[in-house]
Each structure stands twice: as C-alpha cells, then as structure tokens.
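Enquirer: From the sequence below, what's the structure:
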Amino acid sequence: MLDRIHDLYDELERQRVMISFKGSLTEDLITALLGLVERKMQAIEPDQRVRKRVFNVVTECLQNLFHHNAHLKLADGQAITTREPHGVVMIAQNEQGYSVLTGNFMAATDVDHLKVHLDRINTLGPDELRDLYRETLADGQFSTKGGGGLGMIDIARKSGGKLEYGFVPYDKDNAFFSLNVNVTP
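Expert: Below is the predicted model of the structure:
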C-alpha cells in the first residue's frame with residue numbers, strides 16, 4: 001500500500017496535477033478549494049488574465065458539481081444516496097495551458113438533454129457563444145435545479161475552447177458525467 005502512495009505521487013507529479021479531490025462537496029469545501037486554486041495559480045502563472053480565466057472556469061465547474069449532481073456515493077461497490085453532492089475535480093498544468101477535469105453522477109434521463117446542449121455549445125464560435133449567453137440570460141427560464149443553462153456556455157466562453165465530455169452509464173437511473181475543459185493562454 002505504501003508503495004502505491006508513492007506511485008500515485010509520482011504520477012500526479014508527471015501529469016503536473018495541481019489539485020485533485022474526490023468526495024463530498026460542501027459550500028465551505030468549495031470556498032476552500034477556490035482559495036487553494038487562487039494561491040496555486042498566483043505561484044505558477046505570471047499572466048493575470050490566464051489566472052482569472054482558469055479561476056472562473058474552476059468556479060463554474062465546481063458550482064456545476066455542487067448543483068447538478070445525482071447525490072450518489074459509492075460505498076463498497078453499492079450506490080447510496082447522500083445529502084451532499086459527490087464528485088471529483090482535478091486541475092493540471094500542461095504544455096497548452098491548464099486542464100480542469102470534473103466528474104459527477106447525474107440522472108440518466110438528463111443525459112440526452114445535456115449532450116444536445118454541449119454539442120450545440122461546441123459548434124459555436126466566440127461571438128455566437130456571447131450571443132447565446134445573452135439570449136439565455138434574457139430568456140429567464142430556470143431548470144428544476146435553479147440554473148438557466150448559462151454554466152456550460154460560460155465555461156466555453158472563458159476557456160476559449162471546445163468542451164470535452166463523456167457519459168458512462170452507471171445503473172438504470174444514473175450515469176457518470178465527465179468534463180474536461182482546457183484553458184489556453
């Protein structure tokens with residue numbers, strides 16, 4: 001077991017992982033993670049605009065994890081319902097910039113709707129994303145989770161790139177949603 005911890009440390013160093021977290025998310029934990037991201041970015045990224053873009057993407061991704069989550073937790077291979085959102089987040093530096101990776105459980109019935117939304121976002125350029133953001137904001141319609149669909153649009157706008165995503169069916173009611181957002185200078 002102790003050798004595996006060292007192997008994990010080496011792998012995180014090779015992948016240039018700044019932050020990696022898996023577990024229950026609370027508002028206090030999200031605040032702490034954002035503070036850590038801000039301090040780490042100040043230490044390694046000289047460009048204030050890039051630091052701000054990465055911070056904004058991380059903020060929006062953590063909000064999505066917190067608000068759009070099936071509230072499942074794995075215990076000994078069994079899915080149990082938990083009151084707190086559960087997910088994974090990892091932030092890594094790479095040759096092109098930074099990667100913000102997140103994952104969480106979601107209702108299987110919502111997968112097709114989210115896929116259509118993400119595919120649409122990925123077809124749009126910067127000006128079209130800005131227009132979609134404004135249209136969505138002006139629309140004023142909110143989902144059952146309280147969001148208006150702005151989060152993913154904002155992430156795409158701030159990152160300047162396409163959203164990489166995947167869905168893994170978990171059981172008849174749930175899927176695991178993975179998102180990779182690359183923020184380039």
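Enquirer: helix, strand or coil for Phe105?
Expert: strand (DSSP: H, G, I helix; E, B strand; the rest coil).
Enquirer: oh sorry, the question was meant for Met18
Expert: Strictly by three-state DSSP, Met18 counts as strand.
Enquirer: okay, and the helix or strand of the protein with the least pLDDT?
Expert: Scoring the helices and strands of the chain by mean pLDDT, DSSP states H and E places strand 72-75 at the bottom, with a mean of 51.
Enquirer: In which helix or strand does the residue lying closest to Lys115 once chain neighbours are set aside reside?
Expert: Of all residues beyond its chain neighbours, the one nearest Lys115 is Phe167 (7.1 Å), with distances taken as Cβ to Cβ, 6 or more residues apart in numbering. C-beta coordinates here come from the backbone N, C-alpha and C atoms, glycine included. Assessed by DSSP states H and E, Phe167 sits inside strand 163-169.
Enquirer: Adjacent strands (with direction) for that strand?
Expert: strand 174-183 (antiparallel) (DSSP bridges).
Enquirer: Just give me how far stretch 163-182 sits from the chain centre.
Expert: Chain-centre distance of stretch 163-182: 11 Å, with Cα atoms, centre = their mean, to the nearest Å.
Enquirer: Kindly report the same for stretch 128-138.
Expert: For stretch 128-138, the distance to the chain centre is 21 Å (Cα atoms, centre = their mean).
Enquirer: So for that stretch, mean pLDDT?
Expert: Regarding stretch 128-138, the rounded mean pLDDT is 89.
Enquirer: What of stretch 152-164?
Expert: Mean pLDDT, stretch 152-164: 93.
Enquirer: Do a quick rundown of the strands in the chain.
Expert: Secondary structure of the chain (DSSP state E): strands at 17-24, 72-75, 78-81, 86-94, 97-107, 163-169, 174-183.
Enquirer: Within its sheet, name the partner strands of the first one and how each one runs.
Expert: Here strand 17-24 is paired, per DSSP bridges, with strand 86-94 (antiparallel).
Enquirer: how much does the partner strand deviate in direction from strand 97-107?
Expert: Relative orientation of strand 86-94 versus strand 97-107 (axes from the mean of the first three to the mean of the last three Cα atoms, to 10 degrees): 160 degrees.
Enquirer: Identify all contacting residues around strand 86-94.
Expert: With contact meaning Cβ atoms under 8 Å, 6 or more residues apart in numbering, strand 86-94 is reached by 15-25, 33, 37, 40, 44, 54, 58, 61-62, 65, 69, 71-73, 98-105, 182.
Enquirer: if we go to 7 Å?
Expert: Identification of contacts with strand 86-94 by Cβ atoms under 7 Å, 6 or more residues apart in numbering yields 15-25, 37, 44, 58, 61-62, 65, 69, 71-73, 98-105.
Enquirer: Can I have the buried ones of these as a PyMOL selection?
Expert: The buried residues among these can be selected in PyMOL (16 or more other Cβ atoms under 10 Å) with this line:
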select buried, resi 17+18+21+25+37+58+61+62+65+69+72+73+98+99+100+101+102+103+104+105
